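Trainee: My questions are about this predicted structure, shown below with the sequence.
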Amino acid sequence: MKRRILGGTGMSVSEYALGTMMFGAMGNTDHDESVRMIHTALDAGINLVDTADVYSGGESEVIVGKALKGRRDDVVLATKFGLAMGEDPNRRGGSARWIRHALEDSLRRLDTDHVDLYQLHRPDPYTDIDETLAVLSDLVRAGKVRAIGGSFFSPEEIVEAQWTAERRGHHRFRTEQPPYSVLTRGVESRVLPTAQRYGMGVLTFGPLNSGWLSGRSDPTGGHRSAGAGAKMFDIGLPGVQAKADAVRALTDVAAEAGLPLPHLATAFVRAHPAVTAVLIGPRRPEQLTDLLAAADVELGDDVLDRIDEIVPPGVDVNPGDFYIDPTPPITDKLLRRRQPAAVDGQRPCRERTFSRRGRAVAVPDRVPRGAGPRG
């Protein structure tokens, strides 16, 4: 399997990375089978394994830790933090308090003394990025983390993090992890070019777009078609119908190229020069075997041109594809409407709620960084 350097870190990683979100209660509950799948991936040449504390409430990290016993030094191990790990609002986000706690929990579950890449799973609008980068830099200097990165950052958030690191003398984010597939090309317009400008490694997730590009006869019937992501499969919605039409056309292109649709889909993502590694997230052994068979597939310009005709560059076919809510400045009306003037220098204090992965969370009325005047 071909290798690439990860964002100037000097770490050499495989073009395919193994994503482990589907290991544990969220997908495959058989630990032994999941361990065997990780070993199969490593034996095939994959050396980058990506997980997160939130995957199955930490169960995925436990499985990864079991699988890497005796093989830890051969693997570039990445995990993530920041999404809610319980009802306590202090057990999430990018605060120094939580990051130190979250890392120790991940190290214990992974049964290791360091992670090679530690990533903020989503931007935290309630914590100054300077605070986040400061504690992450301390962890790098302590030897518990080798490099740091982000996930699902907007272009402006990428730039803010890079500038803050430079001005404040912190370690900077070396990687970005965005969603990217034939059907979700929005990141091509600004996210990928911004990452390239700063020499960042890019680890993309969702190359099969939650099963839409898996080659199933009915992609709306997958195991993710219920719960928080149900709207991504509701054929009654215009964006979902447009995606179904695109999948039919892409299936024809794949057939003419002599490829299964999943192989076309993963090869498309690997073809972008900004992409360092494509995260594949199989749930079953046969899915992993099929994806590994596409590791050497390369698409010619004629096929890529056909894809561009079906899904134009920079376009997300279904604008409602991402079930993670937008940032609070968009969803919270109190951040879009001028509030009553302060009394005696004190701003009114209210309690607001916003959604985190399908769960309503109450938070104090405070303005996220950059969303208003500081006082």
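Mentor: Done, it's in. Residues are numbered from 1 along each chain as shown.

Trainee: For residue 207, give me its contacts.
Mentor: By C-beta atoms under 8 Å, 6 or more residues apart in numbering, the contact set of residue 207 is 180-181, 213, 265-266, 268-269, 278-280. For glycine as for every other residue, the C-beta is placed from the backbone atoms N, C-alpha and C.

Trainee: per-residue pLDDT, it?
Mentor: Residue 207 carries a pLDDT value of 97.

Trainee: how much space between it and residue 76?
Mentor: For residue 207, the distance to residue 76 equals 19 Å [C-beta to C-beta, to the nearest Å].

Trainee: Also residue 22?
Mentor: 20 Å.

Trainee: Need phi/psi at residue 99.
Mentor: phi -60, psi -50 (degrees, to the nearest 10).

Trainee: which one is it nearest to, not counting chain neighbours?
Mentor: In space, residue 99 comes closest to residue 135 once its chain neighbours are excluded; the distance is 5.0 Å by C-beta to C-beta, 6 or more residues apart in numbering.

Trainee: same thing with residue 254?
Mentor: residue 264 (4.2 Å).

Trainee: now residue 13
Mentor: Nearest non-adjacent residue to residue 13, counting by C-beta to C-beta, 6+ apart: residue 48, 4.2 Å away.

Trainee: which other helices and strands contact the helix ranked longest in the chain?
Mentor: Longest helix of the chain, by residue count under DSSP state H: helix 238-256. Other elements packing on helix 238-256 under the criterion 3 or more C-beta pairs under 8 Å, 6 or more residues apart in numbering; DSSP states H and E are helix 261-270, helix 301-310.

Trainee: can you give me how far the first one is from the chain middle?
Mentor: Distance of helix 261-270 from the chain centroid (C-alpha atoms, centre = their mean, to the nearest Å) equals 18 Å.

Trainee: Please enumerate the helices of the stretch 101-250 of the chain.
Mentor: 129-141, 155-168, 191-197, 238-256 (DSSP state H, counting those that start in this stretch).

Trainee: report the angle between the axes of the first one and helix 155-168?
Mentor: Here helix 129-141 runs at an angle of 60 degrees relative to helix 155-168 (axes from the mean of the first three to the mean of the last three C-alpha atoms, to 10 degrees).

Trainee: before we move on, what about the longest one?
Mentor: For helix 238-256 and helix 155-168, the angle between their directions (the same axes, to 10 degrees) works out to 90 degrees.

Trainee: list the buried ones in helix 238-256?
Mentor: Neighbour counts over helix 238-256 (16 or more other C-beta atoms under 10 Å) mark 239-240, 243-244, 246-247, 250-251, 253-254 as buried.

Trainee: same question, the shortest one
Mentor: For helix 191-197, the buried set under the neighbour-count rule, 16+ other C-beta under 10 Å, comprises 191-192, 194-195.

Trainee: Those: which two are farthest apart?
Mentor: 192 and 194 (7.3 Å; C-beta to C-beta).

Trainee: What is the burial count for the residue lying closest to residue 253 once chain neighbours are set aside?
Mentor: What sits nearest to residue 253 in space, not counting adjacent residues and going by C-beta to C-beta, 6+ apart, is residue 306, at 4.9 Å. Residue 306 has 18 neighbouring residues, counting by other C-beta atoms under 10 Å.

Trainee: do the same with residue 128
Mentor: For residue 128, the count of nearby residues is 15 (other C-beta under 10 Å).

Trainee: how about it, phi and psi?
Mentor: phi -60, psi 130.

Trainee: all strands for this structure, in order.
Mentor: 3-5, 12-14, 16-19, 48-50, 76-81, 115-120, 145-151, 173-177, 201-204, 277-280, 351-356, 359-364 (DSSP state E).

Trainee: per-residue pLDDT, the residue nearest to residue 13?
Mentor: 98.

Trainee: was I right about it contacting residue 18?
Mentor: Yes: Residue 48 is within contact range of residue 18, at 7.1 Å (criterion: C-beta atoms under 8 Å).

Trainee: List the contacts of residue 307.
Mentor: Counted by C-beta under 8 Å, 6+ apart, residue 307 has contacts 182, 250, 253, 268, 299.

Trainee: Show me which residues of stretch 32-48 are buried.
Mentor: 34-35, 37-38, 40-42, 44, 46-48.

Trainee: Ok, stretch 14-27 next?
Mentor: Across stretch 14-27, burial judged by 16+ other C-beta under 10 Å covers 14-24, 26-27.

Trainee: same thing with stretch 162-173?
Mentor: 162, 164-165, 170-173.

Trainee: Then stretch 108-119?
Mentor: In stretch 108-119, counting by 16+ other C-beta under 10 Å, buried: 109-110, 112, 114-119.

Trainee: quick one: low-confidence parts of the stretch 251-375 of the chain?
Mentor: Confidence mapping of the stretch 251-375 of the chain against pLDDT under 70 gives the ranges 322-331, 342-375.

Trainee: quick one on the thing from earlier: now distance to residue 56 too, for the helices and strands packed on helix 238-256, in TSV please.
Mentor: Converted to TSV, these look like this (distance: least, C-beta to C-beta, whole Å):
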stretch	distance to residue 56
helix 261-270	24
helix 301-310	34
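
Trainee: Quick one: closest of those helices to residue 128.
Mentor: Nearest to residue 128 among these is helix 261-270; the distance by C-beta to C-beta comes to 33.2 Å.

Trainee: Before I go, just wanted to say thanks for your time.
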